[in-house]
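# got a sequence here, can you build the structure:
(2 chains)
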Protein chains: 2
Amino acid sequence: MTDEVLQGFRDRIDIVDERLMELLAERFEITKAVGSHKAATGLPAADPGREERQVERLHLLAERFGMDPEFSVKVFRLIVDEVIRHHERIAEATDSGQDQAP
Amino acid sequence: MTDEVLQGFRDRIDIVDERLMELLAERFEITKAVGSHKAATGLPAADPGREERQVERLHLLAERFGMDPEFSVKVFRLIVDEVIRHHERIAEATDSGQDQAP
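Next up is the predicted model:
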């Protein structure tokens, strides 16, 4: 059951969701570039200090936008887990490439 | 350890993260309005058909933007869980208000 007001809200949510997906994809493009850059320059893959600063910043951003800081960290962890999955997949693809050309 | 290229990527990630938090906050504002509207008009709180259509749409959006559809659904579930928490908090606040003025 829907009315016009509800439909208006849902249309707005759908627009936000599309933009969210687009931004997440943009973010993964950047983290992929970070991974390649670190591999090429020999920088260490992990940087706990950076991650800590990101969590602090997300807490502040969540508060500024009236959200629960814990929620922002949950989103961050989900994204970081996916970034790790991407890096693992790239590492696997690189390994298979090396197997083919020893 | 950081170099200029890495710092450039990190600055871009920080901009994306701020925009993500802002969009999530905007989305919660809309879902709060949806909750109030449903309560005021007697529309049912849950709508499984709408949720199913949202998941389908997110799958398509994730594919369009080159992401794993499962990831988009994980993000959606996290958001929906938070929306439910918001609604529960509003319901609790309303209950306490009624207790004070029976």
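
# alpha carbons only for contacts and neighbour counts from here, please
Noted.

# helix or strand: which one has the residue nearest the centre of chain A?
Here the mean C-alpha position of chain A is nearest to the C-alpha of residue A:79 (C-alpha atoms, centre = their mean), at a distance of 3.6 Å. Assignment of secondary structure by DSSP states H and E places residue A:79 within helix A:69-100.

# what helices and strands are in contact with that helix?
Under the contact criterion of 3 or more C-alpha pairs under 8 Å, 6 or more residues apart in numbering or on different chains; DSSP states H and E, helix A:69-100 touches helix A:4-41, helix A:48-64, helix B:69-100.

# wait, which of the ones you listed is closest to residue A:90?
Ranking the helices and strands packed on helix A:69-100 by distance to residue A:90, with C-alpha to C-alpha as the measure, places helix A:4-41 first at 9.1 Å.

# what's the mean pLDDT across the closest one?
Mean pLDDT, helix A:4-41: 97.

# please state the offset of that helix from the chain centre?
Taking the mean C-alpha point of helix A:4-41 and that of its whole chain, the gap between them comes to 8 Å (C-alpha atoms, centre = their mean, to the nearest Å).

# and what of stretch A:84-100?
Going by C-alpha atoms, centre = their mean, the spacing between the C-alpha centre of stretch A:84-100 and its chain's C-alpha centre is 20 Å.

# give me the contact list for it.
Contacting residues not belonging to stretch A:84-100 are listed as A:32, A:35 [C-alpha atoms under 8 Å, 6 or more residues apart in numbering or on different chains].

# need the per-residue pLDDT for the residue nearest to the centre of chain A.
In this prediction, residue A:79 has a pLDDT value of 97.

# thinking again about what came up before, how about the helices and strands packed on helix A:69-100 in CSV, adding distance to residue B:44?
As requested, the helices and strands packed on helix A:69-100 are arranged in CSV below (distance: least, C-alpha to C-alpha, whole Å):
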stretch, distance to residue B:44
helix A:4-41, 12
helix A:48-64, 30
helix B:69-100, 13
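
# looking at those helices, which is nearest to residue B:49?
Of all the helices and strands packed on helix A:69-100, helix A:4-41 sits nearest to residue B:49, with 12.9 Å by C-alpha to C-alpha.

# among the helices and strands packed on helix A:69-100, which comes closest to residue B:18?
Using C-alpha to C-alpha as the measure, helix A:48-64 is the one of these that comes nearest residue B:18, at 6.8 Å.

# can you list contacts of the closest one?
When contacts are taken as C-alpha under 8 Å, 6+ apart, the neighbours of helix A:48-64 outside the stretch itself are A:68, A:69, A:70, A:72, A:73, A:76, B:17, B:18, B:21.

# so which bits of it are buried?
Neighbour-count burial for helix A:48-64 flags A:54, A:55, A:57, A:58, A:59, A:61, A:62 (criterion: 16 or more other C-alpha atoms under 10 Å in any protein chain shown).

# before we move on, what about stretch A:68-79?
By neighbour count, with 16+ other C-alpha under 10 Å as the criterion, the buried positions of stretch A:68-79 are A:68, A:69, A:71, A:72, A:73, A:75, A:76, A:79.

# kindly export that stretch (C-alpha atoms) in CSV.
As requested, C-alpha coordinates have been extracted for stretch A:68-79 and formatted as CSV (Å, rounded to 0.1, in the frame of the first residue of the first chain):
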residue,chain,number,x,y,z
ASP,A,68,25.5,7.3,16.0
PRO,A,69,29.3,7.2,15.7
GLU,A,70,29.1,3.4,16.1
PHE,A,71,27.1,3.2,12.9
SER,A,72,29.8,5.1,11.0
VAL,A,73,32.4,2.6,12.2
LYS,A,74,30.2,-0.3,11.2
VAL,A,75,30.0,1.1,7.7
PHE,A,76,33.8,1.7,7.7
ARG,A,77,34.6,-1.9,8.8
LEU,A,78,32.3,-3.3,6.0
ILE,A,79,34.1,-1.2,3.5
